[in-house]
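In: structure here, sequence nowhere to be found:
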């Protein structure tokens, strides 16, 4: 039998497939000491161990079965996998808004080929229409792949290219822009585009998915529909992130690109506005504002694109016992800016003071943010804060640490003058610094308490 039939399998796992005369993509009945399992044998990732067979169950979930527990495998059907979505012509509908989908490398939408078990990415309009036909009821769609990188590989080069592309599409007359993006660094790109693309006349929506499209609980298609709805029909013309609201499929949130953070590794409702409320809820029926003040969609094509960035910036997350050589190494390497992530109201230990002074003397721009995530830096309360300000560290209000990092890089891309950098950093552009947190901008509850348990039963997570 051809080795192509055992994609990714090696060693003992490969021997097991050959022993029972089954191949990848076979529908299989497996008897093991752990029970009976039915499903489709899937290929294996190259970097996983050789002791497991991967099976896709009828529920859509994948499991691994240790080969030493397997007593019998009977396989049927030997289909050849296909990796192309059947395309349908995306219909043009007179009167619907035109939306441009920009791809950065993540899978925007995909579908499972249940005959083969393959997850097939979709990106061209015809593919997307085949995967998510509801999009044709929302807008007239164009797509363009800008990058092919994972979200952790997004950086200043990509931010600048996206900002310029947004300016070009606005000039051409597009009604809304959606950017498909991995979730890991979605908040960083949201912040960068908020600073680089100011006075937007149309919505710019970043969207991703927490769970892949081969899972029954995938949020990919619904997030995409929500983002398209906000881009095509919403009246909020800002850089926003669109992801699930509650863990259910009821609605999504539109978050400001400067006040949002990924707060859970796997929940579909992972993105949360910090220190404020989301801009709006969005469903397939439309956009329902939560805030009353926001940038409104306009008919003109005026926009201020400022695509600058100096990547010689870094973030230092203070911890007890931190040594001065951590900061000294950044000075020696020629870094221009440091975002401190301090404890409490914005503190670091005294052992760092000499290095802070050396950094200031070397011209490094230093700003303080908080590990608490919520709340404001206040360096006037304790001697520690006053000492640090005297040595050159500037408090950054309630800016989120990663937003401050992005803004400092953006500011240093324009000027190295300390006064002008400070003016740019501390002048709010899109609520990255706010005067106060609303009463409902900080909601953290602990389970196990009777009144909280009663509350959880009545509302969504």
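Out: Now that the structure is in, tell me what you want to look at. Computed from a predicted structure; not experimentally measured. Numbering: from 1, shown residues only.
In: pull the contacting residues for the nearest residue to residue 362 once chain neighbours are set aside.
Out: Nearest non-adjacent residue to residue 362, counting by CB to CB, 6 or more residues apart in numbering: residue 331, 5.1 Å away. (Each C-beta comes from the backbone N, C-alpha and C, glycine too.) Contact analysis of residue 331 by CB atoms under 8 Å, 6 or more residues apart in numbering lists 355, 358-359, 362, 364.
In: most neighbours among those residues, which one is it?
Out: residue 359 (24 neighbours; other CB atoms under 10 Å).
In: which other helices and strands does the helix or strand containing that one contact?
Out: Under the criterion of DSSP states H and E, residue 359 resides in helix 353-361. Under the contact definition 3 or more CB pairs under 8 Å, 6 or more residues apart in numbering; DSSP states H and E, helix 353-361 sits against helix 325-332, strand 365-370, helix 383-390.
In: and that helix with helix 383-390, angle?
Out: Interaxial angle of helix 353-361 relative to helix 383-390 (axes from the mean of the first three to the mean of the last three CA atoms, to 10 degrees): 30 degrees.
In: about what we covered before: what about the residue nearest to residue 362, distance to residue 314?
Out: 11 Å (CB to CB, to the nearest Å).
In: now for the two: what residues contact both?
Out: By CB under 8 Å, 6+ apart, no residue touches both residue 331 and residue 314.
In: am I right that residue 404 sits in a helix?
Out: Yes. Under DSSP: H, G, I helix; E, B strand; the rest coil, residue 404 falls within a helix.
In: thought it was touching residue 395?
Out: No. Contact between residue 404 and residue 395 fails when scored by CB atoms under 8 Å: they sit 10.6 Å apart.
In: quick one, which of these two is more surrounded?
Out: residue 404 (27 against 23).
In: ok, so what distance separates that one from residue 18?
Out: For residue 404, the distance to residue 18 - CB to CB - is 57 Å.
In: need the residues touching each of residue 404 and residue 395.
Out: Joint contacts of residue 404 and residue 395 (CB under 8 Å, 6+ apart) are residue 367.
In: which residues of the stretch 251-400 of the chain fall in strands?
Out: Counting by DSSP state E, counting those that start in this stretch, one finds strands in the stretch 251-400 of the chain at the ranges 252-256, 260-262, 271-273, 280-283, 286-289, 304-305, 313-317, 337-342, 365-370, 393-395.
In: what about stretch 19-33, start to end distance?
Out: Start-to-end span of stretch 19-33 (CA to CA, to the nearest Å) is 18 Å.
In: what pLDDT, on average, does that stretch get?
Out: Taken as a whole, stretch 19-33 has a mean pLDDT of 90.
In: wait, residue 30 touches residue 67, no?
Out: No. Counting by CB under 8 Å, residue 30 does not reach residue 67; the two are 10.4 Å apart.
In: of these two, who's got more company?
Out: residue 30 (23 against 20).
In: strand partners of the helix or strand containing the more buried one, parallel vs antiparallel please.
Out: Secondary-structure element containing residue 30, defined by DSSP H and E: strand 27-32. Taking DSSP bridges as the criterion, strand 27-32 forms sheet pairs with strand 35-41 (antiparallel), strand 70-76 (antiparallel).
In: after the first one, which helix or strand is next?
Out: Pointing back at strand 35-41 there. Next along from strand 35-41, by DSSP H and E: strand 52-56.
In: mutual contacts of residue 30 and residue 67, please.
Out: residue 53.
In: which SS state does the spatially most central residue of the chain fall under?
Out: Central residue of the chain (CA atoms, centre = their mean): residue 183, 2.2 Å from the mean position. Put simply, residue 183 is coil when judged by three-state DSSP.
In: please shift the residue numbers so they start at 415 in all later answers.
Out: New numbering, starting at 415: the last item is residue 597.
In: for residue 642, which of the strands paired with strand 441-446 is the nearest?
Out: strand 449-455 (31.8 Å; CB to CB).
In: any idea of the pLDDT on the residue nearest to the centre of the chain?
Out: Reading off the model, residue 597 has pLDDT 90.
In: which residues touch the closest residue to it other than its chain neighbours?
Out: Using CB to CB, 6+ apart and skipping the chain neighbours, the partner closest in space to residue 597 is residue 622 (4.1 Å). Counting by CB under 8 Å, 6+ apart, residue 622 touches 520, 565, 594-597, 600, 637, 657.
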